[in-house]
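Trainee: Any chance you can model this:
(chains A and B)
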Amino acid sequence: MASRKKIVLKKKTPLKKKSVSKTPAKKVKVTPKAKKKETKKMAPKATSVKKKTVVKKESPKKNIPKNVPQVVRTEEYRHEGHEQHKKKEKKPQQFQPLRGMRDLHPKDAKFWRSVYRAAEQMAEAYNFQYMEVPVLEDANLFTRSIGKGTDVVDKEMYVFDDKDGSQIGLRPEFTAGFARAYITHGMQSDPQPIKVWTCGSLFRHDRPQAGRYREFRQFDCETIGTRDAAVDAELITVAYNYLKDLGLETTVRINSIGSPADRANYVIELTAYLRSKRSYLSELSKKRIAKNPLRVLDSKEPQDREVIEEAPQIIDWLSEDSKKFFMRVLEYLDHLEIPYILDSTLVRGLDYYTDTVFELFRTDTEEGSQSALGGGGRYDLLVEQLGGPATPASGFAIGLDRVVLALKDLRNNPKALRHAPKKSPVYFAQLGDQARQHALRLIENLRKEDIITYHNLGKSSLKSQLEQAHKLEVTHTLILGQKEVQDGTIIIRDMESGIQEIIDQGKIVREVMKLLK
RNA sequence: GUGGCCAUGGUAUAAUGGUUAUUACUUCGGUUUGUGGUACCGACAAUACGGGUUCAAUUCCCGUUGGCCACCCCA
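Mentor: Coordinates of the predicted model:
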């Protein structure tokens, strides 16, 4: 059997290759390469044949067919060399993903599925409603809400000319889209607040690094229509507990940047202070004094840090209302026992934030760079700024790519996969054409009862199917062969004990249900 | 966007200016017909792409692409 198969193959391959190639090889190099492959193939075969025949049985039948093709091949190897050469030249262009774009590989599926499931569970537990907004919007929506001068808009946004010449942009974040949607659907007339959540891809033309991609995914929650410290506290709770549920310990860094007026006053003060210490600052920070003095605050230069520590703090410049509001948020967090750090240097990169701003950092690593897993804040002015009614709002987003990265890093963490889908404990093996046809129908019957079986209709030998069943760690395998089809029965094999039971096909569902329990 | 490091089968790796580019895992097939875990045998499969130097490049040089790291920024 085996030898027959091999002969067929050998006859086929040269033929196929011949038909493809007409031009002779140009490179001298290729021929030896092909030759090498041929010899490689042949040499071990010859030895193995010898071995087998000597050690095992002396069946001349097997020897002959295996040896014959050898001869055939040696005659043909030159052609094959040409073929290979040609093949290489003709190879169509291969594509890679664009920079910063990636495939989420099936081997990571369990992480992604559990991350998504956890998001859904968490959001719905807090009464957020699922909603989607477009990936593509008028570019001005983003520039107006996020703000010119921010890195996100100036450097990182994907902007294209649409066919009619208008400028459209790939969403770099969710909030602007939700604010727009709130207005377009007149949601101010719905019971307030509107609580929505979503998961999806965002795009930022940044320089990629681990945990930072040009297409990345976020879990996002927004509460639009209420100004209340409890709302901010709830959002932080959801974000914090979401990560905690997945097994990721985080610390919340929180700050309040007050109203634009508060900030303006503060900036004046801060600028004055920084100017007075100008000579101590780094070059970059010096430049920033004029451009965006708030940014100086999160400089990492040690020389800057000293100056920053003495700098006036924004909290002292908040209006009474903002101060009170912020205190209330902190009280809630204390009450909820959410660990937070007051960080007076936390200034988020988007213009629309008012009052509360926060970010969540991993506590269990020292990784400085991509340790921010999520962030958010209040944006009371955004909806109005986009032409809607004056509407306070607050929200957060969590970077799922980073969450998955952290989860993989953790491993052995049972919490991480708590949300992973259950695996089916049953494999369906079939043998023979007739059985295969029949198997499809039985699998369909099981599926109707929400029983999903593993199966591989491409495999024909029972051996390989059982092997696969073993690898999949199923507890039981259903075996359907010719005999069983005729008898209307099926075998259930217990994979651990190896005990098999023959049952009526009509009873499959009931039996498998039992196993599922 | 700035700077640095890197690029060998699907994965992880070895080696080299010169005949057959190493090894392991994975995948597929086989070790007599319809029974997995072990063992053995075999097959598939790579020097990212494009130029240059050279008698000869996977190796040296340049460019492109991509990855990673730091900055920037953030998720």
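Trainee: Output the below-cut-off pLDDT ranges for the stretch 51-200 of chain A.
Mentor: Within the stretch 51-200 of chain A, the ranges that satisfy pLDDT under 70 run A:51-92.
Trainee: The residue of it found nearest RNA strand B: what's it in contact with?
Mentor: Minimum separation of the stretch 51-200 of chain A from RNA strand B (C-beta to the nearest atom of the strand) falls at residue A:99, amounting to 2.9 Å. All C-beta spots, glycine's among them, are computed from the backbone N, C-alpha and C. Residues in contact with residue A:99 (C-beta atoms under 8 Å, 6 or more residues apart in numbering) are A:208, A:214.
Trainee: Which pLDDT value goes with residue A:3?
Mentor: Predicted confidence (pLDDT) for residue A:3: 32.
Trainee: Run a quick neighbour tally on residue A:468.
Mentor: Neighbourhood size, residue A:468 [other C-beta atoms under 10 Å]: 17.
Trainee: OK, contacts around it?
Mentor: Counting by C-beta under 8 Å, 6+ apart, residue A:468 makes contact with A:427, A:454, A:456, A:459.
Trainee: Test my guess that the first one contacts residue A:471.
Mentor: No: contact status for residue A:427 versus residue A:471: not in contact, 9.8 Å apart, counting by C-beta atoms under 8 Å.
Trainee: Which of the two has more residues huddled nearby?
Mentor: Neighbours per residue (other C-beta under 10 Å) separate residue A:427 from residue A:471, with residue A:427 holding more: 25 against 10.
Trainee: Check that one and give its pLDDT.
Mentor: For residue A:427, pLDDT reads 91.
Trainee: What helix or strand is the spatially closest residue to it that is not a sequence neighbour located in?
Mentor: Residue nearest to residue A:427 in three dimensions, not counting chain neighbours: residue A:469, with 3.7 Å by C-beta to C-beta, 6 or more residues apart in numbering. Assigned by DSSP states H and E, residue A:469 belongs to helix A:462-471.
Trainee: Residue of chain A nearest RNA strand B, please.
Mentor: residue A:349 (1.2 Å).
Trainee: doesn't that residue fall inside a helix?
Mentor: No: secondary structure assignment places residue A:349 outside any helix; it is coil (DSSP: H, G, I helix; E, B strand; the rest coil).
Trainee: how about it, what does it touch?
Mentor: By C-beta under 8 Å, 6+ apart, the contact set of residue A:349 is A:150-152.
Trainee: at 6 Å what do you get?
Mentor: With contact set as C-beta atoms under 6 Å, 6 or more residues apart in numbering, residue A:349 has these partners: residue A:150.
Trainee: Distance check, it against residue A:162.
Mentor: Remark: distance between residue A:349 and residue A:162 (C-beta to C-beta, to the nearest Å) = 27 Å.
Trainee: again with residue A:285
Mentor: Distance of residue A:285 to residue A:162, given as C-beta to C-beta: 40 Å.
Trainee: Compare those two (neighbour count), which wins?
Mentor: residue A:285 (22 against 11).
Trainee: if I look at the more buried one, how far off is residue A:150?
Mentor: 18 Å.
Trainee: Next: residue A:157.
Mentor: Taking C-beta to C-beta, one finds residue A:157 at 10 Å from residue A:150.
Trainee: What of residue A:374?
Mentor: Noted for residue A:374: a distance of 18 Å to residue A:150, by C-beta to C-beta.
Trainee: what residues does the helix or strand harbouring residue A:513 touch?
Mentor: In this assignment (DSSP H and E), residue A:513 forms part of helix A:508-516. For helix A:508-516, contacts defined as C-beta under 6 Å, 6+ apart pick out A:426, A:449, A:451, A:476, A:503.
Trainee: List the buried residues in that helix.
Mentor: With burial defined by 16 or more other C-beta atoms under 10 Å, the residues of helix A:508-516 counted as buried are A:508, A:511-512.
Trainee: Repeat that for stretch A:491-504.
Mentor: A:491-493, A:495.
Trainee: can you tell me if it touches RNA strand B.
Mentor: Yes: Stretch A:491-504 is in contact with RNA strand B by C-beta under 7 Å from any atom of the strand, via A:491, A:493, A:495-498, A:500.
Trainee: contact partners of that stretch?
Mentor: A:475-479, A:489, A:511.
Trainee: average pLDDT for that stretch?
Mentor: Computed over stretch A:491-504, the average pLDDT equals 90.
Trainee: Now tabulate the buried residues of stretch A:491-504 in JSON lines and tack on secondary structure.
Mentor: Shown next, in JSON lines, are the buried residues of stretch A:491-504 (three-state DSSP):
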{"residue": "A:491", "secondary structure": "strand"}
{"residue": "A:492", "secondary structure": "strand"}
{"residue": "A:493", "secondary structure": "strand"}
{"residue": "A:495", "secondary structure": "coil"}
